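Colleague: dropping a prediction and its sequence here:
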Amino acid sequence: MNGPTLFGLCGAALVGLGLYGLLCQPGALRKILSFNLIGSGVFLLFGVIAKRGGGALSAAGLGVDGDPVPQALIITGLVVAFAATSIAVALLLRLAETSGRSTLESDGPRAPSPPGDQASAPERAS
Amino acid sequence: MTRYPVMTSALVVDAALVLLVLGLALWVTSTRAAYSAVVGFVAYGLLMAIVWVRLAAVDVAMTEAALGTGLTGLLLLGAAARLAPYEAAEVNGRPGRWLRLLIGLLCAAIALGLAAVVLMLPDPAPTLAPLVAENLPPTGVGNPVTGVLLAHRAIDTLLESVVLVPALIGVWSVAADPAWGGRPGSLPRPRSSSALTLLAQVLPPFGILIGIHLVWNGADDPGGKFQGATVLAAMWILVLIAGLREPPAVRDRRLRVLLVIGALVFIGIGVAGIWLADAFLAYPEGYAKPLILAIEAVLTLSIAATLGLLLAGPPASDHPSGGLYESKKSG
């Protein structure tokens, strides 16, 4: 077990945690946060691959010990993730302003199990 | 572990970092109040920046600290404060205990699968680093990450600087009809205090200097246009929050030119490369460095303006009376 492997396992755990939060947290802001955690975990996995692929650059005297191609793509990904998060937040604030709620339920405000399109609702109650 | 006795102290630090990161991630997903979850997310991001340094990715660490933590944190803190009144009703939508258990098991399975992949990565790791080391000198750039972003994988960077513009259009498009074309109104506006005003007057000159330094030094050392642009955007946001300047109305034509000029210059130089260097986005021999610097300079301005406006949110008031905003607040 070395450092990069440890961070790789951390990235895997982050994806799992983020996915759990995305599915289980009803509040849309919490879903956005969880989604960012998933993204962060994926970036970390990618960064571990970059670190493992390093070595040739430091041998050539060109900076630090990591593959610059995945690193550049992670930077690109971070910027795009911020842009996506800002769109999601803008949509959510507008949703709260117009409908008075901050969740993604499909029908009527504050109806935990709306009749009709949720066939699995009785199963869940049992 | 006994095979690397020298590594163990570093490994202890790494293990502590991982535990802190995972603990904060758990806090973010499970704590009750959204506001404290966002605060946890900011702390999480700063720790992630240290993780990036441990992974020898200093450029990524800077971007994570400035953009992934600073600007995202500000955006989410503002949203959490504005959504606080609706939060109590969210508990009803929580899935039942057994469903949560099932979801938890499935998510753990996915995490374990990814962990298995991490443990089974091929041992002589596939890498493009030797290729980059070989092809970096012709570009005249010393920082390999900048070289990849602007020379070897310029198409990704171009698409990304273009994608910021539709993102901003998306944010603007959720504005209420009467507010269209007005000034963005999502930034928090604390009551003016002398400390905030002083900070907003004293910090920006230094911040602008640091931003330009990051862009200029990004050619040879860690740093670059994204990090520099983020610092510039943060300075602008600070001035806006302190109320020293109003955010510009989104119908302002000069503002719109500023937003797209970076991508246009990038595309223009890229298209010129078809004739001058026989490929789209290729640079003619000997001119790579000046062209890269020119692209970085205009892109920095465009990215900084776009990031700032993404934070400022959709237009909310028609300038200059502000009457609409007032009536909406009271209604």
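Modeller: Right, received. Where do you want to start?
Colleague: quick one, phi psi at the residue nearest the centre of chain B?
Modeller: With distances taken as Cα atoms, centre = their mean, the residue of chain B nearest its centroid is B:L67 (3.3 Å). With angles defined as degrees, to the nearest 10, B:L67 sits at phi -100, psi -50.
Colleague: pretty sure it contacts B:K225?
Modeller: No. If you go by Cβ atoms under 8 Å, B:L67 and B:K225 don't touch, sitting 11.8 Å apart. C-beta here means a position set from N, CA and C on the backbone, and glycine is covered the same way.
Colleague: what sits against the residue nearest to the centre of chain B?
Modeller: A:L78, A:V79, A:F82, B:F226, B:Q227, B:T230, B:L307 (Cβ atoms under 8 Å, 6 or more residues apart in numbering or on different chains).
Colleague: who wins for neighbours among those residues?
Modeller: B:F226 (30 neighbours; other Cβ atoms under 10 Å in any protein chain shown).
Colleague: how much space between that one and chain A?
Modeller: From B:F226 across to chain A, the span is 6 Å (Cβ to the nearest Cβ, to the nearest Å).
Colleague: which stretches of the chain have low pLDDT?
Modeller: Using chain A here. A:1, A:55-64, A:106-126 (pLDDT under 70).
Colleague: can you look at chain B instead?
Modeller: Looking at chain B by pLDDT under 70, you get B:1-7, B:317-331.
Colleague: helices of that one, residue ranges please.
Modeller: B:8-30, B:34-54, B:58-63, B:72-83, B:97-119, B:129-135, B:144-147, B:154-172, B:194-217, B:225-241, B:253-276, B:288-312, B:323-330 (DSSP state H).
Colleague: contacts for the first one, please.
Modeller: Meaning helix B:8-30. Residues from elsewhere that reach helix B:8-30, judged by Cβ under 8 Å, 6+ apart: A:1-3, A:6-7, A:9-10, A:13-14, A:17-18, A:20-21, A:24-25, A:30, A:33-34, A:37, B:1, B:4, B:36-37, B:40-41, B:43-44, B:47-48, B:50-51, B:54.
Colleague: so how far is that helix off the chain centroid?
Modeller: In terms of Cα atoms, centre = their mean, to the nearest Å, the centre of helix B:8-30 is set 23 Å apart from its chain centre.
Colleague: now B:G313, nearest residue through space, not along the chain?
Modeller: B:S186 (2.4 Å; Cβ to Cβ, 6 or more residues apart in numbering or on different chains).
Colleague: just checking, B:R153 touches A:A72?
Modeller: Yes. Using Cβ under 8 Å, B:R153 makes contact with A:A72 at a distance of 6.1 Å.
Colleague: who has more neighbours out of those two?
Modeller: Comparing B:R153 with A:A72 by neighbour count (other Cβ under 10 Å), the higher total belongs to A:A72, at 27 against 19.
Colleague: neighbours around the residue nearest to B:G313, how many?
Modeller: B:S186: 21 neighbours (other Cβ under 10 Å).
Colleague: correct me, but it touches B:P314?
Modeller: Yes. Using Cβ under 8 Å, B:S186 is in contact with B:P314, at 6.8 Å.
Colleague: overlap in contacts of these two?
Modeller: Residues touching both B:S186 and B:P314 by Cβ under 8 Å, 6+ apart: A:A90.
Colleague: hmm, back to that, next, give phi and psi for the residue nearest to B:G313.
Modeller: Torsion angles, degrees, to the nearest 10, at B:S186: phi -90, psi -10.
Colleague: how about the contacts made by it?
Modeller: A:A90, A:L93, B:G78, B:L311, B:A312, B:G313, B:P314, B:A316.
Colleague: identify whichever of the helices of chain B lies nearest to A:S102.
Modeller: Among the helices of chain B, helix B:72-83 comes nearest to A:S102, with 4.8 Å by Cβ to Cβ.
Colleague: CA atoms of stretch A:26-33 as PDB?
Modeller: The C-alpha coordinates for stretch A:26-33 follow below in PDB (Å, rounded to 0.1, in the frame of the first residue of the first chain):
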ATOM      1  CA  PRO A  26     -34.400  15.000  -0.600                       C
ATOM      2  CA  GLY A  27     -33.200  18.600  -0.700                       C
ATOM      3  CA  ALA A  28     -32.000  19.600  -4.100                       C
ATOM      4  CA  LEU A  29     -29.100  21.700  -2.700                       C
ATOM      5  CA  ARG A  30     -27.900  18.600  -0.900                       C
ATOM      6  CA  LYS A  31     -28.100  16.700  -4.200                       C
ATOM      7  CA  ILE A  32     -25.900  19.300  -5.800                       C
ATOM      8  CA  LEU A  33     -23.400  19.000  -3.000                       C
END
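Colleague: dump the helices of chain B to CSV, plus distance to A:S86.
Modeller: Output for the helices of chain B, formatted as CSV (distance: least, Cβ to Cβ, whole Å):
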stretch, distance to A:S86
helix B:8-30, 19
helix B:34-54, 14
helix B:58-63, 16
helix B:72-83, 6
helix B:97-119, 26
helix B:129-135, 32
helix B:144-147, 24
helix B:154-172, 6
helix B:194-217, 20
helix B:225-241, 12
helix B:253-276, 14
helix B:288-312, 4
helix B:323-330, 21
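Colleague: among those, which is the most enclosed?
Modeller: Greatest average neighbour count among the helices of chain B goes to helix B:144-147 (a mean of 28), per mean count of other Cβ atoms under 10 Å in any protein chain shown.
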